[in-house]
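Enquirer: Pasting the sequence and the predicted coordinates here, then a few questions.
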Amino acid sequence: MSHDKQFTLYSHPTGPNGWKTAFILTELGLSYETIYLDFMTGEHKAPEYTKYNPNGRVPALIDHSNSDFVVWESNAIAIYLVDKYDTDHRVSASSLESRIQQLQWLFFQASGQGPYFGQGVWFRLYHPEKLPSAIERYQKEVVRVLSVLESVLSQQEWLVEGKCTVADLSFITWNNSIATVIMKGYESFDLENDFPAVHAWHKRLLSRDAVIQVLDVQEREAQKHPLLHKLLHGEV
């Protein structure tokens, strides 16, 4: 079967992790087609998709130029893309030591930022009961994660090797949800004042051409789904 684009990306209009992959593909100038799964109808749990990702979550990426090789888990996808296609290290570390540092931040994002921020969203918006203690727990974890980032970014502009890498790019989408969703009602939280280095870093990331391009696509996709668009902008 022939494909017009090199990659097929399975994603969701507002779910954060597929957009992380889109940032990297766009930064590297790689062509891809995105298929947005409808979570409300269970497309992400259907056999047509779980044959690619048995975990039934997004993203999954198919590389048609590499015998339809399939990768799932967003940070595994990030490593695959830069190891195979970023040979001049545009958005990846070059030395062994820096690559390990890059990997450590990807692990931190996947084990720290993603789960805690994700649970923060869940208990703020979706849990059938309002549990203030659970909301507070995950809001405090958000503060802890941001404190770790602040301690490093107050000393340097980027996480690894003095430049933007996939390590930095991996944090964008969840950080976008801090003010609009997760931290609503948490004392007097103010990202710019409380974590100025993180705020400046996030602004640098949002100013990148590839990130602007991808977030414009996300906005257009979200507009097709009024409820998802409200969620994206913290209006629910």
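Expert: Received it, and whenever you're ready, just let me know what you need. Numbering: from 1, shown residues only.
Enquirer: any idea which helix or strand comes after the longest helix belonging to the chain?
Expert: Longest helix of the chain, by residue count under DSSP state H: helix 132-153. Using DSSP states H and E, the helix or strand that follows helix 132-153 in sequence is helix 166-169.
Enquirer: Alpha carbons of that following helix, in PDB - could you do that?
Expert: C-alpha atoms of helix 166-169 as PDB (Å, rounded to 0.1, in the frame of the first residue of the first chain):
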ATOM      1  CA  VAL A 166      12.900  16.800  22.400                       C
ATOM      2  CA  ALA A 167      13.400  16.900  26.200                       C
ATOM      3  CA  ASP A 168      12.100  20.500  26.200                       C
ATOM      4  CA  LEU A 169       9.400  19.900  23.600                       C
END
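Enquirer: Identify the residues contacting Phe108.
Expert: Residues near Phe108 by C-beta atoms under 8 Å, 6 or more residues apart in numbering: Val148. All C-beta atoms are positioned from the backbone trio N, CA, C, and that covers glycine.
Enquirer: do that again at 7 Å, thanks
Expert: By C-beta atoms under 7 Å, 6 or more residues apart in numbering, Phe108 lies in contact with nothing.
Enquirer: Which helix or which strand is home to it?
Expert: helix 96-108.
Enquirer: what's the average pLDDT for that helix?
Expert: Across helix 96-108, pLDDT averages out at 98.
Enquirer: got it, and stretch 186-197?
Expert: Taken as a whole, stretch 186-197 carries a mean pLDDT of 90.
Enquirer: Counting neighbours, which bits of that stretch end up buried?
Expert: The neighbour-count check on stretch 186-197 (16 or more other C-beta atoms under 10 Å) flags Tyr186, Phe189, Asp194, Phe195, Ala197 as buried.
Enquirer: again with stretch 101-119
Expert: 101-103, 105-106, 108-110, 112-114, 116-119.
Enquirer: Check stretch 19-39 too.
Expert: Buried residues in stretch 19-39, counted by 16+ other C-beta under 10 Å: 19-28, 30, 32, 34, 36-37, 39.
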